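Enquirer: After the sequence you'll find the predicted model.
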Protein chains: 2
Amino acid sequence: MEHGGDLISYRHYYHGELVDFSSNINPLGPPKGLEEVLIEAFKSLEAYPDIKYRKLKTSLSLYLKCQQDNILVGNGAVELINNFVIPVKRVVVMTPSFSEYEQRAIAHGKEVVSISYNKDFIPDIHSLSGTIKQGDLLIVGNPNNPTGLRIDKEKLIEIYKLIIERDAYLLLDEAFYEFCPQDYDSIELFKPKDYKGVGIIRAATKFFGLPGIRLGYGCASKETVREIEKIALPWSVNALADIAGQFIFKDKDYIEKAKAYIEKERNFLLAELSKLDGMEIYNTHTNYILIKLEDWDEEFVFQFFLKRGLMVRKCSSFKGLSHGYVRVAIKDRKNNLRLIKAFDELIRRGKG
Amino acid sequence: MEHGGDLISYRHYYHGELVDFSSNINPLGPPKGLEEVLIEAFKSLEAYPDIKYRKLKTSLSLYLKCQQDNILVGNGAVELINNFVIPVKRVVVMTPSFSEYEQRAIAHGKEVVSISYNKDFIPDIHSLSGTIKQGDLLIVGNPNNPTGLRIDKEKLIEIYKLIIERDAYLLLDEAFYEFCPQDYDSIELFKPKDYKGVGIIRAATKFFGLPGIRLGYGCASKETVREIEKIALPWSVNALADIAGQFIFKDKDYIEKAKAYIEKERNFLLAELSKLDGMEIYNTHTNYILIKLEDWDEEFVFQFFLKRGLMVRKCSSFKGLSHGYVRVAIKDRKNNLRLIKAFDELIRRGKG
């Protein structure tokens, strides 16, 4: 299954440093001071991480504003998604979305049912209602990848009601949560329900700029946390991820600054890209933009950008998207300008 | 499920630094120079690890003397064990052994069959022959934990023949391989068979003194590697483990020195402990020793040692062992002497 961020496979195609627009990581990098904390923490590699991750869960409970007993941690969000898949019989995924939802289900021999988003990439409640059965696990990206849209609060409540009515389970993958305008917080929203029938997964990977460290976390009912922890591998969060997670969530300045930065660059890039001909720019709530190519196919555009030192994400590996889509990350102003310039060149060149 | 190394749960019981005899990590610590390599590598946390782990597999193929296509990597040995369990219907484990063999099978809803070692903790071929069926996954620690014994070469060939005859699969957990006298190397032994029906798992955790970094690896047929990689989580080896694995296996001096050191301390500790009354000291090939307590139960001994700043491993959580066993790690001379002194005090105190 293809993923973004595989610079190594393509670095020989460009003489110079390749800029990665194919994975969606915070362009500001991780919080300042983390490097010193981790250097100090080198000794921690010589012992097992705390098998119960007590300090990490304390840090997360303050950040997420939920109780420690409601918290799960894992080797990236993908391990947690994997562990929610294991106990169920059938997994329902929306298309297009992150390929690992389906991949994890296939790896564990589960039945997979796909439901298409509507043409605006919004979940269709009628399709869901016609599909969801007792015991199903519905996995929804919120915001969704590669479309970039967060579910409207009223729509989410509607979906949740359906899930409860059918005795199914809703897993929200919120790995990109902090990048979005936060008109609601799912963790707060479902607290009065004690997270009955719903789990929320987030990660340090994207917003905190740490894909290499592998730290995912989530919030679910106490009963579900106990069930998933029985399935989880021991020590699956490495010692540095454990220590990083005791540090990064406290840095309110970094968090606010990064949110404001992404919002500004998102508005800039959306406005600039929307001026271009030959492509449709979808709205986004997060730090990446899905683009429908009218005049080229993804491979042509991928190679065109690669020659200019920029790597974009081809999207045909997302079920439900044709060869006519690319996804680009929102980066710093200098690189965003390079991206716009490359699109300009593409348009001037004409149809592929 | 209980594991060793949980110092955090017990550190309040002793005023001073608690010495961990309950987990089995190389007392020499990781290879010199690794700290500098990892500090340099801090930037690597800001990108995903290579999803194909190309450099890491090159490093491992040189160290293990097998082809890159035969190599698997994972988030500790336990992730690899987990992934071998997923595709099978029934898992056969030997008792006593590492609890995660059974735990991983239970987590994935597999049938589990337990076979006892004989009284000398050697696999009994007749019990195996009476149990192993087509499609079974037999997991054997080599050396086994907590017993410390490596399977004799002829016995291993006999087990392998049975496995092939029955169309089953043999998974050797060799996480402690480098600590043992190496009269044979399973990776070399099964190379002429192209690893048909057999997988060998090892780890940086124990011998390279890096339990916090989470790096397991293994060797299997190319076909099995492809099958297991479909199941594996993407990026399950974090960026620092990836980089550490490109460094540590090259350090031949460290490897030789650590092997010699452990051999010397093993001989010393076995000889000294064998002089003590009230307990049976089992022979070991590795860096831990199983002890049968004749005059005390494990909890009494655990508390007695805890008061003296030493944490030993209670063994009743190993299926097949009663409350009358503890396991101790082999550490540096100073701490090994502290351990002997504490046993002396225990004996002078008399029955528990």
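Expert: That came through, no problem.

Enquirer: separation between residue A:245 and chain B?
Expert: 13 Å (CB to the nearest CB, to the nearest Å). From N, CA and C alone the C-beta is placed, and that goes for glycine too.

Enquirer: Look up how far residue B:109 lies from that residue.
Expert: From residue A:245 over to residue B:109 the distance is 31 Å, taken as CB to CB, to the nearest Å.

Enquirer: can you check residue A:309 too?
Expert: From residue A:309 to residue B:109 the distance is 49 Å (CB to CB).

Enquirer: Those two: which has the busier surroundings?
Expert: Using other CB atoms under 10 Å in any protein chain shown as the criterion, residue A:309 and residue B:109 rank with residue A:309 on top: 16 against 10.

Enquirer: pretty sure the more buried one is in contact with residue A:14, am I right?
Expert: Yes - taking contacts as CB atoms under 8 Å, residue A:309 lies within contact range of residue A:14: 5.0 Å.

Enquirer: number of nearby residues for residue A:275?
Expert: Neighbours of residue A:275 (other CB under 10 Å): 10.

Enquirer: cool, and residue A:214?
Expert: Neighbours of residue A:214 using other CB under 10 Å come to 34.

Enquirer: Could you look up the next helix or strand downstream of the lowest-mean-pLDDT helix or strand in chain A?
Expert: One helix or strand of chain A scores below all others by mean pLDDT, DSSP states H and E: helix A:34-40, with a mean of 77. Next helix or strand after helix A:34-40 toward the C-terminus (DSSP states H and E): helix A:54-64.

Enquirer: Give the next helix or strand downstream of that next one.
Expert: strand A:71-74.

Enquirer: pull the CA atoms of the next helix or strand after that next one into CSV?
Expert: Sequence-wise, the next helix or strand downstream of strand A:71-74 (DSSP H and E) is helix A:77-85. Taking C-alpha atoms only, helix A:77-85 is exported to CSV below (Å, rounded to 0.1, in the frame of the first residue of the first chain):
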residue,chain,number,x,y,z
ALA,A,77,-2.1,6.3,15.4
VAL,A,78,-2.0,3.3,13.1
GLU,A,79,-1.3,0.8,15.9
LEU,A,80,-4.3,2.0,17.7
ILE,A,81,-6.5,1.8,14.6
ASN,A,82,-5.1,-1.7,14.2
ASN,A,83,-6.0,-2.7,17.7
PHE,A,84,-9.6,-1.4,17.4
VAL,A,85,-10.0,-3.6,14.3
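
Enquirer: just the strands in chain A please.
Expert: Taking DSSP state E as the criterion, chain A carries its strands at A:19-20, A:71-74, A:90-95, A:111-116, A:137-141, A:169-173, A:198-203, A:216-219, A:279-281, A:288-293, A:310-311, A:313-314, A:325-329.

Enquirer: can I get the ones you listed in CSV with mean pLDDT, distance to chain B and mean neighbour count?
Expert: Below are the strands of chain A laid out as CSV (pLDDT from 0 to 100; distance: least, CB to the nearest CB, whole Å; neighbours: other CB atoms under 10 Å in any protein chain shown):
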stretch, mean pLDDT, distance to chain B, mean neighbour count
strand A:19-20, 80, 7, 22
strand A:71-74, 98, 9, 24
strand A:90-95, 98, 15, 22
strand A:111-116, 98, 15, 15
strand A:137-141, 98, 15, 25
strand A:169-173, 98, 14, 26
strand A:198-203, 98, 11, 26
strand A:216-219, 98, 10, 27
strand A:279-281, 96, 26, 17
strand A:288-293, 96, 15, 22
strand A:310-311, 90, 12, 24
strand A:313-314, 94, 13, 24
strand A:325-329, 95, 12, 26
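
Enquirer: Could you dump those into CSV with distance to residue A:267 added?
Expert: Converted to CSV, those look like this (distance: least, CB to CB, whole Å):
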stretch, distance to residue A:267
strand A:19-20, 21
strand A:71-74, 33
strand A:90-95, 27
strand A:111-116, 29
strand A:137-141, 22
strand A:169-173, 25
strand A:198-203, 24
strand A:216-219, 29
strand A:279-281, 12
strand A:288-293, 12
strand A:310-311, 21
strand A:313-314, 21
strand A:325-329, 15
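
Enquirer: And for the nearest residue to residue A:124 once chain neighbours are set aside, the neighbour number?
Expert: Excluding the flanking residues, the one nearest residue A:124 by CB to CB, 6 or more residues apart in numbering or on different chains is residue A:118, at 4.8 Å. A total of 11 residues lie near residue A:118 under the criterion other CB under 10 Å.

Enquirer: again, but for residue A:69
Expert: Neighbours around residue A:69, by other CB under 10 Å: 13.

Enquirer: Run a quick check on residue A:113 versus residue A:93, I expect a contact.
Expert: Yes - counting by CB under 8 Å, residue A:93 is a contact partner of residue A:113 at 7.4 Å.

Enquirer: Look up the pLDDT of residue A:5 for me, please.
Expert: Listed pLDDT for residue A:5 reads 74.

Enquirer: Next, work out how far apart it and chain B are.
Expert: Per CB to the nearest CB, residue A:5 is found 4 Å from chain B.

Enquirer: my read: that residue touches residue A:18, true?
Expert: No - the pair residue A:5 / residue A:18 is not scored as a contact, 11.2 Å apart, by CB under 8 Å.

Enquirer: Now do the contacts for residue A:42.
Expert: B:35, B:38, B:39 (CB atoms under 8 Å, 6 or more residues apart in numbering or on different chains).

Enquirer: Run through the residues that contact the second one.
Expert: I take that to be residue B:38. A:42, A:45, B:240, B:243, B:244.

Enquirer: interface residues of the stretch 201-350 of chain A facing chain B?
Expert: A:209-214, A:230-231, A:233-236, A:238-241 (CB under 8 Å from any CB of the partner chain).

Enquirer: any idea how far the longest helix belonging to chain A is from the chain center?
Expert: Counting residues, the longest helix found in chain A (DSSP state H) is helix A:252-274. From the chain centre to the centre of helix A:252-274 is a distance of 17 Å (CA atoms, centre = their mean, to the nearest Å).

Enquirer: which other residues reach that helix?
Expert: A:26-28, A:31-32, A:178-179, A:181, A:207, A:248, A:279, A:281, A:283-284, A:286-287, A:289, A:291, A:330-333, A:336, A:339-340, A:343.

Enquirer: Narrow those to just the buried residues.
Expert: The neighbour-count criterion (16 or more other CB atoms under 10 Å in any protein chain shown) marks A:26-28, A:31, A:178-179, A:207, A:248, A:279, A:281, A:284, A:286-287, A:289, A:291, A:330-331, A:336, A:339-340, A:343 among the contacts of helix A:252-274 as buried.

Enquirer: Which of these fall in helices?
Expert: Among those, the residues falling in helices (DSSP H) are A:336, A:339, A:340, A:343.

Enquirer: Need these in CSV (columns: distance to residue A:324 and pLDDT).
Expert: What follows is these, written out as CSV (distance: CB to CB, whole Å; pLDDT from 0 to 100):
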residue, distance to residue A:324, pLDDT
A:336, 23, 94
A:339, 19, 95
A:340, 20, 96
A:343, 15, 96
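
Enquirer: hang on, the earlier thing: and the least confident helix or strand of chain A, what's buried?
Expert: Of the residues in helix A:34-40, A:34, A:38 count as buried by neighbour count, 16+ other CB under 10 Å.

Enquirer: got a list of what the residue nearest the centre of chain A touches?
Expert: What sits nearest the mean C-alpha location of chain A, by CA atoms, centre = their mean, is residue A:175, with 3.8 Å. Each residue near residue A:175 by CB under 8 Å, 6+ apart is listed here: A:77, A:141, A:145, A:201, A:202, A:203, A:205, A:206, A:216.

Enquirer: Next, the contact list for the residue lying closest to the fifth one once chain neighbours are set aside, please.
Expert: Taking CB to CB, 6+ apart as the measure, residue A:202 lies nearest to residue A:174, with 4.9 Å between them; neighbours along the chain are not counted. With contacts defined as CB under 8 Å, 6+ apart, the neighbours of residue A:174 are A:142, A:143, A:186, A:200, A:201, A:202.

Enquirer: That'll do, ta.
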